[in-house]
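A.B. asks: when you get a sec, could you give me coordinates for this:
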Amino acid sequence: MIIPAPLGWWRDAPGGAAWLERLPQIVNRCAERWSLDVGEPLSGGNVALVLEALSADGAAVVLKVSFPDEESEHEADALALWDGTGAVRLLAHDISERALLLERIDPGTCLWEVGDDEQAMAIAADVMLALHGRAPPAGPFKTLADAAAGWAETIPRDWVSTGCAFPADIVDLAVEACLELPVGRLPDVVLHQDLHGGNILCSSDRGWLAIDPKPLVGEAAFDAASLLRDRRWLLNGPATQAMVSRRLDLLVETTGLDRERMRLWGIVHALAWGVSGTKVEPDMICCAEALASV
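C.D. replies: Residues are numbered from 1 along each chain as shown. Sure thing, here's the model as predicted:
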């Protein structure tokens with residue numbers, strides 16, 4: 001099996017090269033265990049190996065194998081909880097291999113292909129509400145409060161390591177939000193955490209569905225963060241602030257969630273995901289700055 005080129009970056013990550021070497025054996029074991037006829041890699045996968053396949057009864061399915069890291073640890077648990085409501089349906093999984101057998105979403109049109117931002121936000125909001133309809137179990141997910149406590153430490157540390165590449169007041173705002181937002185106890189839901197347009201696909205018979213969750217348990221407003229900073233439509237400059245403000249308004253209208261809490265979580269998540277070590281993602285910082293000003 002030829003490893004898709006977009007996965008090549010794993011060779012520079014700790015343990016990544018060894019994982020890439022193991023992938024053909026993992027795929028073979030999964031194919032045997034689940035009686036799969038495995039086909040070609042699906043486009044768009046640059047973190048996990050995602051392959052088209054046919055089951056023994058001829059059904060079109062997807063085999064996904066992820067690197068055994070914290071992000072992918074409880075993906076199967078979230079998909080099992082949602083059980084096809086607002087998300088791709090989990091058919092089987094193997095914890096030891098970090099492998100998932102999923103329904104194939106056909107035609108699989110990505111929400112990024114919807115050209116109108118307001119329409120796309122409305123679709124995404126409906127998906128988010130569907131995901132939040134299931135009460136979280138006692139475990140096994142990490143809590144948003146714990147994640148926020150970690151971000152309160154890593155965001156300023158990473159900001160310094162990047163040479164203080166953006167205004168300090170945004171860092172202060174994010175840290176304050178990390179410490180204060182979890183204090184007010186709100187109902188918990190299972191959060192997707194990465195609900196941007198690239199992770200929402202269209203099914204001809206089941207509508208728009210989420211894929212690739214990185215689940216946490218916490219307040220629903222947090223899941224708006226990835227929608228607010230969805231880089232598919234964001235532009236640099238004043239247009240970003242206007243677009244982000246409109247997205248906030250639309251999400252308030254469609255979900256009934258608190259605008260200020262969505263805004264603050266958006267700043268937190270943009271910095272938490274946009275700054276690491278000495279790397280800064282300009283689009284993320286642009287969005288954080290826009291959210292700080294609306």
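A.B. asks: report the buried residues of stretch 134-149.
C.D. replies: Residues Pro136, Phe141, Lys142, Leu144, Ala145, Ala147, Ala148 are the ones in stretch 134-149 that count as buried (16 or more other Cβ atoms under 10 Å). Heads up, the C-betas are built off the backbone N, CA and C, glycines and all.
A.B. asks: helices or strands up against the regular element (helix or strand) spanning the last one?
C.D. replies: What it means is Ala148. Element membership for Ala148, per DSSP states H and E: helix 144-161. Applying 3 or more Cβ pairs under 8 Å, 6 or more residues apart in numbering; DSSP states H and E, one finds that helix 144-161 contacts helix 168-180, strand 216-218, helix 259-274, strand 275-276.
A.B. asks: would JSON lines of the ones you listed with mean neighbour count, distance to Ala242 and mean pLDDT be doable?
C.D. replies: Shown next, in JSON lines, are the helices and strands packed on helix 144-161 (neighbours: other Cβ atoms under 10 Å; distance: least, Cβ to Cβ, whole Å; pLDDT from 0 to 100):
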{"stretch": "helix 168-180", "mean neighbour count": "17", "distance to Ala242": "19", "mean pLDDT": "97"}
{"stretch": "strand 216-218", "mean neighbour count": "24", "distance to Ala242": "29", "mean pLDDT": "96"}
{"stretch": "helix 259-274", "mean neighbour count": "23", "distance to Ala242": "14", "mean pLDDT": "96"}
{"stretch": "strand 275-276", "mean neighbour count": "20", "distance to Ala242": "24", "mean pLDDT": "90"}
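A.B. asks: mind checking those for the one nearest to His196?
C.D. replies: Among the helices and strands packed on helix 144-161, the nearest to His196 by Cβ to Cβ is helix 259-274 (10.6 Å).
A.B. asks: what's the angle between the closest one and helix 144-161?
C.D. replies: On the basis of axes from the mean of the first three to the mean of the last three Cα atoms, to 10 degrees, helix 259-274 is oriented at 50 degrees to helix 144-161.
A.B. asks: by contact count, what packs against helix 259-274?
C.D. replies: By 3+ Cβ pairs under 8 Å, 6+ apart, helix 259-274 packs against helix 144-161, helix 168-180, helix 225-228, helix 238-255, helix 282-293.
A.B. asks: thinking again about what came up before, out of the buried residues of stretch 134-149, which one has the weakest pLDDT?
C.D. replies: In terms of pLDDT, the lowest of the buried residues of stretch 134-149 is Pro136, showing 91.
A.B. asks: A strand includes that residue, no?
C.D. replies: No: assessed by DSSP: H, G, I helix; E, B strand; the rest coil, Pro136 does not belong to a strand; its assignment is coil.
A.B. asks: residues touching it, list them.
C.D. replies: Residues in contact with Pro136, defined by Cβ atoms under 8 Å, 6 or more residues apart in numbering, are Leu81, Asp188, Val189, Val190, Val217.
A.B. asks: if we can go back for a sec, turn the helices and strands packed on helix 144-161 into CSV, including distance to Met1.
C.D. replies: Output for the helices and strands packed on helix 144-161, formatted as CSV (distance: least, Cβ to Cβ, whole Å):
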stretch, distance to Met1
helix 168-180, 42
strand 216-218, 33
helix 259-274, 31
strand 275-276, 31
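A.B. asks: low-confidence ranges in this structure?
C.D. replies: The chain contains residues with pLDDT under 70 at 232-238.
A.B. asks: show me it divided up by domain.
C.D. replies: 5-104, 110-293 (automatic domain parsing).
A.B. asks: highest mean neighbour count out of the ones you listed?
C.D. replies: Greatest average neighbour count among the domains of the chain goes to domain 110-293 (a mean of 19), per mean count of other Cβ atoms under 10 Å.
A.B. asks: if we can go back for a sec, may I see the buried residues of stretch 134-149 organised as JSON lines, with distance to Ser293 added?
C.D. replies: Below are the buried residues of stretch 134-149 laid out as JSON lines (distance: Cβ to Cβ, whole Å):
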{"residue": "Pro136", "distance to Ser293": "33"}
{"residue": "Phe141", "distance to Ser293": "33"}
{"residue": "Lys142", "distance to Ser293": "31"}
{"residue": "Leu144", "distance to Ser293": "25"}
{"residue": "Ala145", "distance to Ser293": "27"}
{"residue": "Ala147", "distance to Ser293": "25"}
{"residue": "Ala148", "distance to Ser293": "22"}
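A.B. asks: go ahead and flag the most central residue of the protein.
C.D. replies: Asp194 (1.8 Å; Cα atoms, centre = their mean).
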